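Engineer: I'll drop the sequence and a predicted model, then ask my questions.
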Amino acid sequence: MALMRTNIYPKSITDACVTSFLLVIIPVIYYFELWVVLPRFYDTWSFKYLFHFCIGNFILFNICSNLIAIILTDTSISGKILPAEGGKDWRFCSVCESLTPPRSWHCSICNICILKRDHHCIFTSCCIGHNNHRFFLVFVFYMFIATVYSSIFNIQFIDAYVKFDSWVNLTKIIFPLAMLFLEWTENQLYVAFIIIVLLGSAFTAVLLYYHLSMILNGLVTPERKLKTSLYDQGKIRNLEVVLGRRWYLVWISPFLKSELTCDGINWEAMHSTKEK
């Protein structure tokens, strides 16, 4: 069982700013989509309204709960019983003054070695590694679903309720920050939210494609330059390494248990065991 991190506070100004933005923008966009946009299309408490309202809350639940799981889950070597003499591909970290297992790398921001380290995420102010990789992937997946789902409604919302009747309004729409210097209205603020959501959908699409393809090929970010992964066991088994044996259920809730197939310390290099 993974331990909980004892220090969850951002270690850098960049982490603090980006994480704070994420923690603010998620509830703001949630309110905008479900309490401003959705009632414009359906009568409140009608079947269609309740249908989309429930889906929206299910998506929000998975976004928030997986985000919390990412931040709270300790994926470092701290508290792990490591052998005095490592095996093949083990390295000595002079900063941590400890032998570290294969696929572990030291993070200069977190100032500790991370098991199967993928990258340091500025949106969560922590590293993505062996124990929280599952939550990160599902979090990105639901952020993508949320932004695309919202954008479908937002495009219709703009077409129906936002007027392009002057160069001032057009300027504010193309350059949302212009509302700080020009006369602004509530609708212009809505347009700014819509643009943020559109940009978010593009960004999360790239993130989801990149990380999912890496996972399916048995790779983490530091290994991306390798032509062949030593740890590629086939797409399904690669998914199990990250998402656990019940990988098909983790998309429902982060509270569903899914045992990982590796402890993040003892890795078996496999060169040609891809499932066909």
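Structural biologist: Alright, I've got the coordinates.
Engineer: give me the secondary structure label for Asp159.
Structural biologist: Assigned by DSSP: H, G, I helix; E, B strand; the rest coil, the conformation of Asp159 is helix.
Engineer: what about it, how many neighbours?
Structural biologist: 8 (other Cβ atoms under 10 Å). Quick note: C-beta positions are derived from backbone N, CA and C, even for glycine.
Engineer: distance check, it against Tyr248.
Structural biologist: According to Cβ to Cβ, to the nearest Å, Asp159 stands 38 Å off from Tyr248.
Engineer: buried stuff in the longest helix seen in the chain?
Structural biologist: With secondary structure taken from DSSP state H, the chain has its longest helix at helix 186-216. Neighbour counts over helix 186-216 (16 or more other Cβ atoms under 10 Å) mark 187-188, 190-198, 200-201, 204, 207-208, 211, 214-215 as buried.
Engineer: tell me which helix or strand comes right after that helix.
Structural biologist: Next in sequence after helix 186-216, counting helices and strands by DSSP states H and E, comes helix 235-243.
Engineer: now do the contacts for Val36.
Structural biologist: Val36 sits next to Tyr190 when contact means Cβ atoms under 8 Å, 6 or more residues apart in numbering.
Engineer: what distance do you get for it to Asn187?
Structural biologist: In terms of Cβ to Cβ, Val36 sits 10 Å off from Asn187.
Engineer: cool, Leu115 as well?
Structural biologist: Distance check for Leu115 against Asn187: by Cβ to Cβ, it reads 49 Å.
Engineer: one more: Cys127?
Structural biologist: 41 Å.
Engineer: neighbours of the closest residue to Phe193 other than its chain neighbours, just the number please.
Structural biologist: Spatial nearest neighbour of Phe193, excluding adjacent residues (Cβ to Cβ, 6 or more residues apart in numbering): Phe32 at 5.0 Å. Residues contacting Phe32 under the criterion other Cβ under 10 Å number 21.
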